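Trainee: Coordinates only, no sequence provided:
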């Protein structure tokens, strides 16, 4: 009996101490990372202000080359010529030391290397904010940049002031707007669908690779069910996919359409939303929203139907990512059209 009590006591103590050790290790790693990031920023500052902006600027590259050799010899390969220039770029991009102190506790040097090569300030702020709030790894950040997440998010089509306000709200209050959540198009290339497929095939593929689908939608997305039955009167209907978004604090239904978006889809999904609001919405939650994922859509038709006023977002899905240049051009044109449309409405 004594041995049993002794073993149980040791086991409890072991778990408590292991927890303290693990927490301490995480804190040490975070502190070391933060110090390294600030160190690199300070090195970039010295090189920028004392070498590249001095009267010796024409000798800058050769000076940095010699400096790199000396630093590498003494402190290791982290001080290569390329990395020293990265530190300069880092300082040039994030010049506010107070903001840097905050970010350095949340992002690694590898994250910063991806971020400071984004030339557009607004786009960089978007990726920085989303990276911190959704705890993206460096690989995830790279994938999101390569898939042009910013350009695909509804917020990119809004005025700059709206974008900055929404990002600030997410940073300061941990509150996300639907514009930061909705995308168009949705990139579902990871589903590996064949040339011929049905709506059921898409649904099955999403559920088979739910982790990647949720990563495309956002990490606060939680799966609730498929083919969720609702009954209106004596008639049954089925919601393709039902999720919950924690930051939005609302149910999100997804309706999958194999072909193009049709006006009648709006009425169908409005019915589902009203049923969910009446029967499934909990106290403190926002009204449910819907995403209709379709193979193609007519933007003018969607605008005339005013589907957004019903809490419905219509997004095209891509089962294959097109060539980057073509994709980039298409998205930039869509952003310009959306902003022009907003501007014309304000004039009216």
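Mentor: Arrived safely, thanks for sending. Since we're looking at a predicted model, the values are computed, not measured.
Trainee: Could you use CA atoms for every contact and neighbour count after this?
Mentor: Noted.
Trainee: got the contact list for the residue positioned nearest the centre of the chain?
Mentor: Residue closest to the mean C-alpha point of the chain, counted by Cα atoms, centre = their mean, is residue 130 at 4.6 Å. Residue 130 sits next to residue 136 when contact means Cα atoms under 8 Å, 6 or more residues apart in numbering.
Trainee: Confirm it sits in a helix?
Mentor: Yes - counting by DSSP: H, G, I helix; E, B strand; the rest coil, residue 130 is part of a helix.
Trainee: okay, and for the stretch 101-250 of the chain, where does confidence drop off?
Mentor: Applying pLDDT under 70 to the stretch 101-250 of the chain flags the ranges 194-196.
Trainee: ok, now with 90
Mentor: 105, 184, 186-222, 226, 233 (pLDDT under 90).
Trainee: Just the strands from it, written as ranges.
Mentor: 186-187, 221-232, 235-245, 250-260 (DSSP state E, counting those that start in this stretch).
Trainee: Go through those and name the closest to residue 324.
Mentor: Minimum separation from residue 324 across those (Cα to Cα) falls at strand 186-187, 12.7 Å.
Trainee: got a list of contacts for that closest one?
Mentor: Against strand 186-187 from outside (Cα under 8 Å, 6+ apart): 147, 152, 216, 315, 316, 317, 318, 319, 320, 321.
Trainee: neighbours of the nearest residue to the first one once chain neighbours are set aside, just the number please.
Mentor: So that's residue 147. For residue 147, ignoring the flanking residues on the chain, the nearest one in space by Cα to Cα, 6 or more residues apart in numbering is residue 187 at 7.6 Å. Residues near residue 187, counting by other Cα atoms under 10 Å, number 22.
Trainee: Just want to check the distance between residue 187 and residue 148.
Mentor: 10 Å (Cα to Cα, to the nearest Å).
Trainee: Could you do residue 328 as well?
Mentor: Distance, residue 328 to residue 148, using Cα to Cα: 8 Å.
Trainee: same check, this time on residue 268
Mentor: Using Cα to Cα, residue 268 is found at 31 Å from residue 148.
Trainee: which one of those two has more residues nearby?
Mentor: Neighbour count, other Cα under 10 Å: between residue 268 and residue 148, residue 148 has more, with 16 against 12.
Trainee: How about the contacts made by the more buried one?
Mentor: residue 328 are the contacts of residue 148 under Cα under 8 Å, 6+ apart.
Trainee: Next, give phi and psi for it.
Mentor: phi 60, psi 50 (degrees, to the nearest 10).
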